[in-house]
Each structure stands twice: as C-alpha cells, then as structure tokens.
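> Here is my input, please return the structure:
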Amino acid sequence: MALRSYQELIGWKKGIELVTDVYRLTQKFPKQEIYGLTSQIRRAAVSIPSNIAEGQGHMSRREFKQFLGHARGSVFELESQVLIARNLSYLNLEEGEFLLERIAELGRVLNGLLKSLDPAVTNH
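Below is the predicted model of the structure:
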C-alpha cells in the first residue's frame, strides 16, 4: 500500500510528538535563553517533521532521502542541544533522559525509513 500523505509516516508522527514535548519542557528555560538555546532546540525539533513532510512531498526517492538526511541531522543537533540544556540544569535528569530516549527512538525510525528506500541488494 502506497502512502498518500506524510502524515501516515511513523517518523513524522513521532516527530510531531517530540516537538510538543520539546515546547512543553523548554517553557521553563530561563528568559535570557529565549533567543539562545530555547530557540535553537525548538528550531531543531521542528525541523525534523518538517523535513520529513517536505521530502515526502517531492516526487523522487532521491529527494525524499535527501530530506530524510536533513531530518536525521536535526536529530543529532537536537540531541546535542538537549545534553547542553541538561548540563546547564535547564532540564533535570529525568526530563533530559525522557527527551534523549524519544530522540534516539526517532533516529532509529528515520534510519529504518532510509534503509527501506535503498534499492534491494541481490544475493548471488
């Protein structure tokens, strides 16, 4: 069955959930960080489902893979920023671990999606 919409992709759904969690948890960051780490974390999180959606909207497998690669890069960017926020005690240990687990899960989903787009390797 072919996908009709990016909204059917598990990676996009998990990305939207992650964005919601990120916004909720960054609301308590210090006000002086609104244009700093808060903004960076939110932009990286939003970039993940946005790139999945944009890539799925393109007409070629190659372009979709390219946008999934951008989403995957944003996963690593977000992971780094969450670690920084945790080190600065903007997130407590439990909140940091919660986000890091969700980020890792989304990374695995993206890796699986990328692998599924590779041409099948034939064994001789």
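
> Pop out the phi and psi values for Ser5.
Main-chain dihedrals, Ser5, degrees, to the nearest 10: phi -150, psi 150.

> okay, now it: neighbour count?
The number of residues packed near Ser5 is 10, by other CB atoms under 10 Å. For glycine as for every other residue, the C-beta is placed from the backbone atoms N, C-alpha and C.

> What residues does it make contact with?
Applying CB atoms under 8 Å, 6 or more residues apart in numbering to Ser5 gives the contacts Gln56.

> Report the separation between it and Phe29.
Ser5 sits 33 Å away from Phe29, taking CB to CB, to the nearest Å as the criterion.

> How about Arg86?
12 Å.

> same question, Ile84
In terms of CB to CB, Ile84 sits 11 Å off from Phe29.

> what touches both of those two?
Contacts common to Ile84 and Phe29, judged by CB under 8 Å, 6+ apart, are Leu37.

> Compare neighbour counts for those two and give me the winner.
Phe29 (19 against 14).

> Look at that one and tell me its secondary structure.
Here Phe29 is coil, with the state taken from DSSP: H, G, I helix; E, B strand; the rest coil.
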